[in-house]
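> Sharing a model that was predicted from the sequence below.
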Amino acid sequence: MNASLAPLVATAQALMAPGKGLLAMDESVGTCNRRLAEVGIAQTPENRHRYRELLVTTPGLSEAISGVILFDETSHQSTAEGVPFVEVLQGAGVLVGIKVDAGAKLLAGHPDEQVTEGLDGLRERLAHYASRGARFAKWRAVLKIGDGLPSRACMLVNAHALARYAALCQEAQLVPIVEPEVLMDGGHTLARCSEVTGEVLHQVFEQLYRQGVVLEGMVLKPNMVLPGLSCAGTASLEEVADATLSCLRRGVPAAVAGIAFLSSGQSAKLATARLNAMNLRAGSQGPETALPANGLPWPLTFSFGRALQQPALGLWAGDDVNRVAAQKALLHRARCNGAAAQGTWRP
Ligand code: 13P
């Protein structure tokens with residue numbers, strides 16, 4: 001491998017440090033406002049700022065969090081004492097990441113499907129964020145399961161855009177987090193989610209290969225393989241773990257630096273339990289080679305948004321009297337997920 005790639009690969013490995021994962025707090029203004037409203041907090045710029053300050057100043061965060069993903073608004077904000085959030089995180093030993101996509105927009109000619117935009121001017125934006133201390137970036141594509149969905153066109157355009165983004169990130173010495181999310185919405189079965197996730201991963205890695213993305217210098221952020229939210233059947237921890245592991249083993253090259261799941265609206269505890277089950281079962285299935293502790297070619301960890309933040313947000317409720325309790329709740333979830341990333345979490 002080209003020696004100039006060494007810093008990129010080192011960053012990807014640091015993000016995937018054993019027992020650590022990522023805190024996704026890169027909600028757009030609209031999504032953050034929605035989360036505040038859900039727990040009865042007024043949707044103001046001040047409340048978004050106070051909430052984000054609470055998160056980034058949580059004492060001990062780096063015990064289980066290797067990197068934090070910020071949104072543009074937050075990446076330019078500072079604490080009440082005037083310390084930029086980016087510096088707070090760097091000082092705490094946490095790598096700073098930035099969401100750089102411009103959101104999912106309707107895909108022409110394909111009702112009900114979306115393509116993620118944001119490639120225009122991306123090279124310049126990446127250089128800007130890198131100069132301000134960012135070490136990695138995130139781009140999320142969304143794919144919906146339905147009657148005849150996702151279409152081949154939707155999978156292809158999103159995979160192509162993810163690879164274009166990833167190549168631009170690596171040029172700027174930023175580790176790309178590549179996030180193709182197959183949504184939980186719908187009545188589909190676990191088997192159907194597995195089939196679609198497998199196809200999506202195949203398309204994404206084909207495009208990453210064609211566009212020359214260095215797999216050792218990237219992190220995959222996939223969905224877990226789950227039955228749809230309105231599916232009549234349920235799936236046990238073991239069924240979810242086995243279906244997800246099969247999909248990943250078949251679709252993700254061994255050279256990828258690591259895999260960090262999104263939580264996609266699962267409850268905080270369930271997301272932890274499922275991540276734990278995957279690492280436990282992978283390790284107990286007898287690896288043919290004595291590679292990593294979990295018996296897989298890559299670490300399996302978390303890049304959760306809601307499953308890390310929700311208990312803390314609910315406790316804070318917009319009142320700084322509850323600030324310390326909320327920070328403790330965030331740290332607790334981070335530690336639980338850090339343990340789950342090693343298969344050592346116990347309920
Ligand atoms: P959730 O864990 O809440 O799904 O958010 C993760 C994320 O970053 C989605 O892009």
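Done, it's in. All values reported here derive from a predicted model rather than from experimental measurement.
> near the ligand, which residues of the stretch 201-347 of the chain?
262, 263, 264, 304, 305, 306, 307 (CB under 6 Å from any ligand atom). Using the backbone N, CA and C atoms, a C-beta is placed for each residue, glycine as well.
> Would you mind checking which of the residues you listed the model is least sure about?
The member of those with the lowest pLDDT is residue 264, and it reads 94.
> shouldn't that residue be in contact with residue 223?
Yes. At 5.7 Å, residue 264 counts as touching residue 223 under the criterion of CB atoms under 8 Å.
> Mind checking which of these two has more residues around it?
residue 223 (24 against 19; other CB atoms under 10 Å).
> can you pull the contacts of the more buried one?
Residues in contact with residue 223 (CB atoms under 8 Å, 6 or more residues apart in numbering) are 181, 182, 183, 184, 193, 197, 261, 262, 264.
> Excluding sequence neighbours, find me the nearest residue to the residue in the stretch 151-300 of the chain that the ligand sits nearest to.
Of all residues in the stretch 151-300 of the chain, residue 263 sits closest to the ligand, at 3.2 Å by CB to the nearest ligand atom. The shortest distance from residue 263 to any non-neighbouring residue, by CB to CB, 6 or more residues apart in numbering, is to residue 307 (3.4 Å).
> What segments of the chain are helices?
6-15, 29-38, 45-56, 72-75, 85-91, 122-131, 152-171, 190-210, 237-251, 268-284, 306-316, 323-340 (DSSP state H).
> From the contact counts, what lies against the third one?
On a contact count with 3 or more CB pairs under 8 Å, 6 or more residues apart in numbering; DSSP states H and E, helix 45-56 meets strand 21-25, helix 29-38, helix 72-75, helix 85-91, helix 306-316, helix 323-340.
> possible to save the ones you listed as TSV with distance to residue 130 and mean neighbour count?
Formatted as TSV, the helices and strands packed on helix 45-56 follow (distance: least, CB to CB, whole Å; neighbours: other CB atoms under 10 Å):
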stretch	distance to residue 130	mean neighbour count
strand 21-25	18	28
helix 29-38	23	15
helix 72-75	12	19
helix 85-91	12	18
helix 306-316	25	23
helix 323-340	26	21
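> Check this structure for the residue nearest the ligand and tell me.
residue 305 (2.8 Å).
> Disregarding residues adjacent in the polypeptide, which is nearest to residue 279?
residue 343 (3.4 Å).
> likewise residue 140?
residue 179 (4.2 Å).
> what's near enough to touch that neighbour?
138, 139, 140, 141, 162, 220, 221, 222, 262.
> How about residue 66?
Counting by CB under 8 Å, 6+ apart, the residues that residue 66 touches are 14, 15, 16, 17, 20, 21, 22, 94, 95.
> measure it to residue 345 for me?
17 Å (CB to CB, to the nearest Å).
> Correct me if wrong: residue 79 contacts residue 54.
No. Counting by CB under 8 Å, no contact exists between residue 79 and residue 54, whose distance comes to 10.2 Å.
> The two: which is more packed in?
The residue with more neighbours, out of residue 79 and residue 54, is residue 54; 19 against 15, by other CB under 10 Å.
> I figured the more buried one was touching residue 325, is that so?
No. Counting by CB under 8 Å, residue 54 sits too far from residue 325 to count as a contact (10.5 Å).
> Quick check: neighbours shared by these two?
With CB under 8 Å, 6+ apart, residue 54 and residue 325 have common neighbours residue 316.
> Now do the buried residues in the helix-or-strand element of the chain with minimal mean pLDDT.
Ranking every helix and strand in the chain by mean pLDDT, DSSP states H and E puts helix 268-284 at the bottom, with a mean of 91. Neighbour-count burial for helix 268-284, counted by 16 or more other CB atoms under 10 Å, picks out 268, 271-283.
> burial count for residue 190?
20.
> who's in contact with it?
Neighbours of residue 190 in contact, by CB under 8 Å, 6+ apart: 225, 226, 227, 231, 233, 235, 239, 240, 243.
> Nearest to residue 208 among the residues you listed?
Taking CB to CB as the measure, residue 208 lies nearest residue 225 of the contacts of residue 190, at 20.3 Å.
> That closest one contacts residue 194, correct?
Yes. Residue 225 lies in contact with residue 194 (CB under 8 Å); the separation is 4.8 Å.
> between those two, what contacts are shared?
243, 247.
> Indicate which one of the helices of the chain is closest to residue 115.
Of the helices of the chain, the one closest to residue 115 (CB to CB) turns out to be helix 152-171, at 4.9 Å.
> Next, find the distance separating residue 38 from residue 49.
Taken as CB to CB, the span from residue 38 to residue 49 is 18 Å.
> what's the answer for residue 106, then?
For residue 106 relative to residue 49 (CB to CB), the value is 31 Å.
> one step back: with neighbour count added, can I get the contacts of residue 179 in CSV?
As requested, the contacts of residue 179 are exported to CSV (neighbours: other CB atoms under 10 Å):
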residue, neighbour count
138, 27
139, 26
140, 20
141, 25
162, 25
220, 26
221, 24
222, 24
262, 23
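> Can you tell me which of those is closest to residue 149?
Among the contacts of residue 179, and counting by CB to CB, the member closest to residue 149 is residue 141, at 13.9 Å.
> Quick check: chain neighbours aside, which residue is closest to the closest one?
Residue 141 sits nearest to residue 158 (CB to CB, 6+ apart), 3.8 Å away.
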